[in-house]
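A.B. asks: Dropping the sequence and predicted coords here.
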Amino acid sequence: MIRLLKEKEQDLVLRFLESEPSLNLFLIGDVYNNGMHTDFQELWGDFNELGELRAVLLRFYDSYIPYAPGDFDVEGLAAVITDQGIIQMLSGMDSVTKAFRPLLPLNWSKIRQTYFAELVGSEKLEASSRKISLEVKKMTVKDVPKIMALTRDIEEFDISTNTEKMLTQSLKSGDSRGWWVASGDKAVAMVRTTAENPYSAMIVGVGTHRDYRGQGLASHLLNILCQELLDEGKRLCLFYDNPEAGKIYKRLGFRDIAMWNMIRN
């Protein structure tokens, strides 16, 4: 049986998701920071015949993340997504998202498959750090226009109509924090988190303006942010699909734990 989950079921949902805290970082973070129901977020549960939760589906704006550790009602969850009318993106573990392929009219030919990596210790961080001469700043809501300007300048980044609004909201809610490098009045490198929760955080938005690459700016920011979060007892996760980026992350101590898919409409 599939139904919309209620606020009073938050503890049940978190216990279910926390069996795999790194892989469920987005869902856990969104539940902790936004609750079970807002105008931009909802969760559905798939229950077996014994009334036990076996899958969860998150809607965040027009994007969806399903999670299931085993068998689940993929047809039922696909129907829930279809009934919402608009789907911008489906993302999640490869083993879960691929089950939706025959059921959702997404651009499956351009599926983006990435490595999902995790960092649990700081042993390699300081050794990979490099001194930089430019100013490093803590990211705040007032910095969003500069961060968005840099984001638009980096061709590897995908930007949706909700990107700026989502960044502003996440910085306000504590779902996200970040650091950036300033050159004059503009941002030239950045890194931030998303889906922060008591256990973990996702590293996203790692980028450097093309004119400032090769100076170790992103690595320096990663060192600062990773150490800050590890000192709070959190696991860190990130996605990557670029082998060169993967080398940087592994020098910092990240290890691959799964494959993660993102499929746009």
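C.D. replies: Nice, thanks for sending it over.
A.B. asks: what ranges do the helices span in the chain?
C.D. replies: 10-17, 25-34, 74-83, 94-97, 144-153, 163-173, 217-230, 243-252 (DSSP state H).
A.B. asks: Please identify the most buried of those.
C.D. replies: By mean neighbour count, with neighbours taken as mean count of other CB atoms under 10 Å, helix 25-34 ranks first of the helices of the chain at a mean of 22. (Each C-beta comes from the backbone N, C-alpha and C, glycine too.)
A.B. asks: Could I get the CA-only coordinates of the helix or strand of the chain with the lowest mean pLDDT as PDB?
C.D. replies: For the chain, counting by mean pLDDT, DSSP states H and E, helix 243-252 ranks last in confidence among helices and strands (a mean of 87). What follows is helix 243-252, C-alpha atoms only, in PDB (Å, rounded to 0.1, in the frame of the first residue of the first chain):
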ATOM      1  CA  PRO A 243      38.000  10.700 -13.300                       C
ATOM      2  CA  GLU A 244      40.300  13.700 -12.700                       C
ATOM      3  CA  ALA A 245      38.000  15.100 -10.000                       C
ATOM      4  CA  GLY A 246      37.900  11.600  -8.600                       C
ATOM      5  CA  LYS A 247      41.600  11.600  -8.100                       C
ATOM      6  CA  ILE A 248      41.300  14.900  -6.100                       C
ATOM      7  CA  TYR A 249      38.600  13.500  -3.900                       C
ATOM      8  CA  LYS A 250      40.500  10.200  -3.200                       C
ATOM      9  CA  ARG A 251      43.600  12.200  -2.300                       C
ATOM     10  CA  LEU A 252      41.400  13.800   0.400                       C
END
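A.B. asks: From the contact counts, what lies against that helix?
C.D. replies: strand 112-119, helix 217-230, strand 235-240 (3 or more CB pairs under 8 Å, 6 or more residues apart in numbering; DSSP states H and E).
A.B. asks: Including mean pLDDT and distance to Ile28, could the ones you listed go into a markdown table?
C.D. replies: As requested, those are exported to a markdown table (pLDDT from 0 to 100; distance: least, CB to CB, whole Å):
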| stretch | mean pLDDT | distance to Ile28 |
| --- | --- | --- |
| strand 112-119 | 95 | 14 |
| helix 217-230 | 93 | 15 |
| strand 235-240 | 93 | 11 |
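A.B. asks: export these to CSV and tack on distance to Ser63?
C.D. replies: Shown next, in CSV, are those (distance: least, CB to CB, whole Å):
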stretch, distance to Ser63
strand 112-119, 13
helix 217-230, 24
strand 235-240, 14
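A.B. asks: So for Arg255, which of these sits nearest?
C.D. replies: With distances scored as CB to CB, the stretch of these nearest to Arg255 is strand 112-119 (6.1 Å).
A.B. asks: Can you tell me which helices and strands that closest one packs against?
C.D. replies: Against strand 112-119 (3+ CB pairs under 8 Å, 6+ apart) you get strand 235-240, helix 243-252, strand 255-264.
A.B. asks: before we move on, the earlier item: quick one, which of the helices of the chain gets closest to Arg130.
C.D. replies: Once those are compared by CB to CB, helix 217-230 is nearest, at 6.0 Å.
A.B. asks: Which strands and helices lie in contact with that closest one?
C.D. replies: strand 135-138, strand 178-183, strand 186-194, strand 200-208, strand 235-240, helix 243-252.
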